[in-house]
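Novice: From the sequence below, what's the structure:
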Amino acid sequence: MRHLISILLENETGALSRVVGLFSQRGYNIETLTVAPTENPHMSRITISTVGEDIDLEQIKKQIHKLINVLTVSSLEDGKSEGTIELELIFLKLRATTNVQRDNIKRLADIFDARIVDVSAETYTVCLSAGRNKINRLMKAYEEQGEILETVRSGIVAISRGPKALGSKVKSDKAAPEEH
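Specialist: Numbers count the residues shown, from 1 in each chain. Next up, the predicted model:
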């Protein structure tokens, strides 16, 4: 089963390494990993996508929560759920040496609401921010039409819908460490 885990942690050296180490110790592969600072520059949010059994992931979540610098650990429901918003970014560099190839690239970009962000004499680069399924459909459509030269994906970012916030249970003294 696919799982999305969201972690709020202090922005400290080695914190990410300790979180990722727990997954490798347990023999779990991380499909995607996205990390960035939050609205509080002293904290970062990690979103991890992985596949595994529910019981094993619950153990990993408990162990992550015990790590130094970790403030909150939460499971997000799969992006198919009404309770989670999930997006990923992709860049596709495509061969575009003929007018037919260029027209096909433009047509598919329009169909998928993607943007052409770079054009050269031989390539077009297309960008799309969407859910995983839509991105996979876009990739398949371009594979059938021509040659994909390069693919870059950002990894999943996800957030729960409504008023629930990952950091809302974090005490204010932990949320904003003093600067030295």
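
Novice: And the residue nearest the centre of the protein?
Specialist: Ile156 (1.7 Å; CA atoms, centre = their mean).

Novice: Can you read off the pLDDT for that one?
Specialist: Per-residue pLDDT puts Ile156 at 93.

Novice: give me every residue that touches it.
Specialist: 4, 32, 34, 47, 49, 79, 86-88, 132 (CB atoms under 8 Å, 6 or more residues apart in numbering). Yep, even glycine has a C-beta here, placed from its N, CA and C like the rest.

Novice: Which of these scores worst on pLDDT?
Specialist: On pLDDT alone, Gly79 ranks lowest of the contacts of Ile156, at 50.

Novice: and the end-to-end length of stretch 11-31?
Specialist: Start-to-end span of stretch 11-31 (CA to CA, to the nearest Å) is 23 Å.

Novice: next one: stretch 26-46
Specialist: Stretch 26-46 has an end-to-end distance of 19 Å (CA to CA).

Novice: Check which residues of that stretch are buried.
Specialist: Applying a neighbour-count criterion of 16 or more other CB atoms under 10 Å, one finds 28, 32-35, 40, 43-46 buried in stretch 26-46.
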